[in-house]
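Student: here you go, sequence then predicted model.
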Amino acid sequence: MQETIAVYGAGTIGACEATLCIGNGCPTIVIGHSQKGMEHCKQIIEKNWDDLIAEGLATNTNKIAAMRLLTITDNVSALRPCTFIFEAVPEDMETKQEVYKQIEKICSDRAVIASCTSSISADLLAALFQKPERFLIAHPFQPVHLMPLVEVVCSQKTEPDIVGRTKRLLEYLHCQVVLLKKSVPGFLANRFAQALFREAIYLLEEGVTTAEEIDTAVKYAIGMRYASIGLLEYFDDVGFELESTIAKNVYPDLCSTKELQKTHVSGLASGQTGCASGIGLYNWNDKDLADYFYRKQAPFFNRAKQWSLP
């Protein structure tokens, strides 16, 4: 791989991005902010490797070799030789602007800066650069080192060569790349997710069913079906005639609110905000968290079989 890789940000996304890079034999620098944060980053990366070893997808020898490819530092000057930088700092424009200033000050003009943002417009972020032509978005999904999809989103000023270099690197890392012709809020996957979330919350508030039943329906219908065929492939398979009949019956009753729903608002007000607080749509105090986090990763472990392990 011709690119010299860095990850700016030592949180979970940055740690998992680094896991993917060193897992494919690429020396990688992670830029952190605090000693505590950098130590936590290393712990996440080591845990990722321990999970792969437990699944029989890597060995301790692979882990040791990969960790030797990793540098975690708060010395921003370590970015100087880097030609490809994944930006994985919080979703805050001021924070990102400061990071971009540091990168542009230190790195050569040919360095690609790829933001991992999941929500900010490519054009808004590009406007923070002196040389916006070398910037784009490469939005991964959690867990970043295992889920293959990356949404590549260009600004109006992104140069074609930058897109090509980004796709080549991501494909080398065994990512499945989708390219958006223009930036829209939520890109692709998060738009689909928000539409499902909105409809699911609406059905809960209407007393149609429970969270458990909704999740069962999604896992065993939507999840299983679209794991092997495309959404629009299936639309064509069903056919425009039948789909138009279904649409006429269902569209008028779908949730169309533009505001946060009352379940969301009351949860924020009460502090019952989901898994981290212990209570959300589920009582997480009654759930096996280790089982949940294992299930969150399990469908994607085999991706590591594609890695060019060190």
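Tutor: Sure, I can see it.

Student: phi, psi for the closest residue to residue 23 other than its chain neighbours please.
Tutor: What sits nearest to residue 23 in space, not counting adjacent residues and going by Cβ to Cβ, 6 or more residues apart in numbering, is residue 307, at 4.8 Å. Every residue, glycine included, has its C-beta placed from N, CA and C. Note on residue 307: backbone dihedrals following degrees, to the nearest 10 are phi -60, psi 150.

Student: would you agree residue 307 is in contact with residue 174?
Tutor: Yes. Here residue 307 lies in contact with residue 174, judged by Cβ atoms under 8 Å, at a distance of 6.6 Å.

Student: for residue 52, list the residues it contacts.
Tutor: 58, 63, 301, 304 (Cβ atoms under 8 Å, 6 or more residues apart in numbering).

Student: which of these sit farthest apart?
Tutor: 63 and 301 (15.2 Å; Cβ to Cβ).

Student: strands of the stretch 201-310 of the chain, start to end?
Tutor: Along the stretch 201-310 of the chain, no stretch is classed among the strands by DSSP state E, counting those that start in this stretch.

Student: just checking, what packs against the helix or strand hosting residue 169?
Tutor: Using DSSP states H and E, residue 169 sits within helix 160-172. In terms of contacts (3 or more Cβ pairs under 8 Å, 6 or more residues apart in numbering; DSSP states H and E), helix 160-172 is packed against strand 84-87, strand 112-115, strand 135-139, strand 149-154, strand 176-180.

Student: residue contacts, residue 147?
Tutor: Contacts of residue 147 by Cβ under 8 Å, 6+ apart are 140, 141, 300, 303.

Student: ok, residue 189 - contacts?
Tutor: 141, 149, 151.

Student: doesn't residue 181 make contact with the last one?
Tutor: No. Counting by Cβ under 8 Å, no contact exists between residue 151 and residue 181, whose distance comes to 11.9 Å.

Student: these two: which has the busier surroundings?
Tutor: residue 151 (19 against 7; other Cβ atoms under 10 Å).

Student: ok, now how distant is the more buried one from residue 272?
Tutor: Distance of residue 151 to residue 272, given as Cβ to Cβ, to the nearest Å: 31 Å.

Student: with residue 218 instead?
Tutor: 22 Å.

Student: and the longest helix seen in the chain, which residues are buried?
Tutor: Identified as the longest helix of the chain according to DSSP state H is helix 35-54. For helix 35-54, the neighbour count (16 or more other Cβ atoms under 10 Å) marks 37, 38, 40, 41, 42, 44, 45, 46, 48, 49, 51, 52 as buried.

Student: any idea how far it is from the chain center?
Tutor: Computed by Cα atoms, centre = their mean, to the nearest Å, the chain-centroid distance of helix 35-54 equals 18 Å.

Student: next secondary structure element downstream of it?
Tutor: Next element after helix 35-54 (DSSP H and E): helix 60-68.

Student: buried residues in that following helix?
Tutor: So for helix 60-68, counting by 16+ other Cβ under 10 Å, buried means 62, 63, 66.

Student: now it against helix 35-54, angle please.
Tutor: 150 degrees (axes from the mean of the first three to the mean of the last three Cα atoms, to 10 degrees).

Student: residues contacting residue 242?
Tutor: Applying Cβ under 8 Å, 6+ apart, no residues qualify as near residue 242.
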